[in-house]
Structure formats: C-alpha cells, structure tokens
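K.L.:
the sequence and its predicted three-dimensional model are supplied below.
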Amino acid sequence: MGNHFGNLQKIIDGKRRFAITPHIPGGFVTPEILKKIADVAQKYNGVLKITSGQRIMITNLKQEDLSNIWEELGMEPAVKNQYSVKNVEMCPAGFCKRSKYNTIGIGMKISKNFHGASMPNRTKIGVAGCRNACTSVYSKDVGVIADTDGFIVTAGGSAGFHQRMSDIIASKLSEEDAFNLVKCILEYYTENAEMGEKLGFFIDRIGIDKFRNDVLDKVDLSLK
C-alpha cells in the first residue's frame, strides 16, 4: 500500500469513505504523535477507532484527501502487504506489576526486524511479560511469553474464522534464544508453507513434532 491509498470501508449515500492505519509499534505512542493524529483526523473530518491490533485507525476519509493526510502525519502505514507480519502486539510489561520480565525490549526488536516481512499468509505476533499472556498471545501465529524461569515461544495460534490454540515450541529460553527461535519459525514457515496457508494450518499439515524438531534444528539454542 502506497502513501496515496487507504482501505475502502463504506459507501454511504453513494459516497466512498476510506480508512488508514498508521504504524504504531507495540501500541506505544508519544503525546506529540497522538496529538498529531487527532489534529489531522479533526481537519479531515475523520473518525478515530482504537483497533484490537494496538493501533489507531482513522476512518470516514475522502479518497482525494488521503495523500495529504499521509504527508501531514509523516508516518508509515501499519500494513503495506496483507500477506506479511501485520503487527507485533505487546503488553505493558515493564509498567505492569504482574510482569516477570520487561518484554518491551524483545517486542520492539521483533517489530523492528520482522514487521512488514512477506509471509505465506497474514501473520500476527504477540509478546507478553507473564503467563497471563495479555494481547491473547496463545491465539497469535507466533508468541513470546516471559516466565520466572525464562521465555516461552509458541506458534500456530489463530482467533479468526478457524480458531486454533497455539503450540508451545520451546520454554525456559534466554531472551536471545527466544528472538532467534522466532526468526527461525518465520523463516521455516516462509520457506516451506504453501502460499495462502496460515501457520497453524501448515503445522497441522506437517505435524507438530516435525515442525518443532525442524525449527529447533535450525536454531542454535543455548539449551541444546
């Protein structure tokens, strides 16, 4: 998606209305950026919607205004390709009393390295600082959860039309090992899945044991 485009949302009385969603890593936004989004939305009669993906969508926009809106925001689109890593959702971690580890760091590192990367199908990643797994990590394609004895990495979750609980791929990992395992899972999925195949369906097709063994063989974990 280029900076002149948005998503058609609704046709009201024959008038087409579009929505755009700027990229806000992990849902953490500065007051300055938040104010800019509000000002631009107000200027173009936009309606703001806090999305489930920790973003702010601006809808009710006219197509002819989209280019100017993107220019005034000075932000990148959250999704440039539907078949990609669409978002990396994060819990408050270091700002939460229940957190076992401040996972904002690894979450931002995952977002920086993989957000927007092409995938066989849309892919969502969740990162949480404790086993409560806020951001619904177990329903994400890839998940990272901090526990008292290390990190847990999961794969294959889905909360969409065909629901699937994710599988635990490895646990008691260091932060570095967890990041490297996420990288290997995404690479293995990209290299071996069929186009249009969700990660959970791919795991079901080849079997969880083969998937787990193959991705663990690809990564050099300190636990091995």
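P.N.:
Perfect, thanks for sending it. Numbering: from 1, shown residues only.
K.L.:
same for the host helix or strand of residue 203, what does it pack against?
P.N.:
Using DSSP states H and E, residue 203 sits in helix 199-206. In terms of contacts (3 or more C-beta pairs under 8 Å, 6 or more residues apart in numbering; DSSP states H and E), helix 199-206 is packed against strand 150-155, helix 175-192. Where C-beta positions appear, they are placed from N, C-alpha and C, glycine not excepted.
K.L.:
buried set for stretch 104-112?
P.N.:
104, 106-108, 110-111 (16 or more other C-beta atoms under 10 Å).
K.L.:
make TSV out of these and add pLDDT, distance to residue 214 and secondary structure.
P.N.:
Formatted as TSV, the buried residues of stretch 104-112 follow (pLDDT from 0 to 100; distance: C-beta to C-beta, whole Å; DSSP: H, G, I helix; E, B strand; the rest coil):
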residue	pLDDT	distance to residue 214	secondary structure
104	97	30	helix
106	98	23	helix
107	98	25	helix
108	97	28	helix
110	98	21	helix
111	97	25	helix
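K.L.:
would you list those in TSV and tack on distance to residue 146?
P.N.:
Putting the buried residues of stretch 104-112 into TSV (distance: C-beta to C-beta, whole Å) gives the following:
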residue	distance to residue 146
104	11
106	8
107	10
108	14
110	13
111	16
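K.L.:
among the residues you listed, which one sits closest to residue 186?
P.N.:
residue 110 (9.5 Å; C-beta to C-beta).
K.L.:
that closest one contacts residue 180, doesn't it?
P.N.:
No: applying C-beta atoms under 8 Å, one finds residue 110 not in contact with residue 180, separated by 11.1 Å.
K.L.:
show me the beta-bridge partners of the residue positioned nearest the centre of the chain.
P.N.:
Centroid-nearest residue in the chain, with C-alpha atoms, centre = their mean: residue 87, separated by 1.9 Å. Residue 87 has the following beta-bridge partners by DSSP bridges: residue 124.
K.L.:
per-residue pLDDT, it?
P.N.:
Listed pLDDT for residue 87 reads 92.
K.L.:
number of nearby residues for residue 116?
P.N.:
For residue 116, the neighbour count with other C-beta atoms under 10 Å is 17.
K.L.:
so what pLDDT did residue 80 get?
P.N.:
81.
K.L.:
would you confirm that it contacts residue 116?
P.N.:
Yes: taking C-beta under 8 Å as the definition, residue 80 is a contact partner of residue 116 at 5.7 Å.
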